[in-house]
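Colleague: sequence first, then the predicted structure, then my questions.
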Amino acid sequence: MKAKSWKQLSDTPESPYTVESAIESWLKSKSPAADTNTATFWRWVDSALIYVIKKVAMIAIISIQGAFVAAFTIADKIAYILAKGINLAENISIWVEHLMRKLMQALGMKIAESKEELTRSLIRLVLMRITEKANKEARNALRRL
């Protein structure tokens, strides 16, 4: 960040990874998540979250249309969608499991062994913690300027 001008910093950010096979490989990998202090890690998280939500939404959107109340936070809504995804077809729920395990690993949390352990409240907790971590990293980056 120090070497970049204000113009460079205000330019459009890099787009997330979009090749589905690369995202699937990252989610399936047993290797530790990249250092959470890197832009690369956050691009993977962004891409994987978009990928998994798209997969779940394709099937679940009709069943959850009326379930949201304006008072819910974005983490509540995403947790609800992902929790619904856990109970959908096996080819969809596996991606929710992979995403949650990868995020739990990156956060240093005990990784869920089964999809039954991935309750809505646990998914919400993971999403809240990853959001807090992202906010902390952003604040730290700004302080280093």
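Modeller: Yep, that arrived.
Colleague: ranges for the helices of this protein?
Modeller: 6-10, 20-28, 39-64, 74-86, 90-107, 120-143 (DSSP state H).
Colleague: quick check: buried residues in the third one?
Modeller: In other words, helix 39-64. The neighbour-count check on helix 39-64 (16 or more other CB atoms under 10 Å) flags 41-49, 51-53, 55-56, 60 as buried. No exception for glycine: its C-beta is placed from N, CA and C like everyone else's.
Colleague: list the contacts of the residue positioned nearest the centre of the chain.
Modeller: Centroid check for the chain by CA atoms, centre = their mean gives Leu49 as the closest residue, at 3.9 Å. By CB atoms under 8 Å, 6 or more residues apart in numbering, the residues touching Leu49 are 78, 99.
Colleague: quick revisit: what's the closest of the helices of the chain to Ser114?
Modeller: helix 90-107 (8.6 Å; CB to CB).
Colleague: got the buried residues for that closest one?
Modeller: In helix 90-107, counting by 16+ other CB under 10 Å, buried: 92-104, 106-107.
Colleague: just the angle between it and helix 120-143, please?
Modeller: 50 degrees (axes from the mean of the first three to the mean of the last three CA atoms, to 10 degrees).
Colleague: other SSEs contacting helix 90-107?
Modeller: helix 20-28, helix 39-64, helix 74-86, helix 120-143 (3 or more CB pairs under 8 Å, 6 or more residues apart in numbering; DSSP states H and E).
Colleague: hmm, who's touching the last one?
Modeller: Outside of helix 120-143, the residues that reach it under the criterion CB under 8 Å, 6+ apart are 1, 36-37, 42, 45, 75-76, 78-80, 82-83, 100, 103-104, 106-107, 109, 112.
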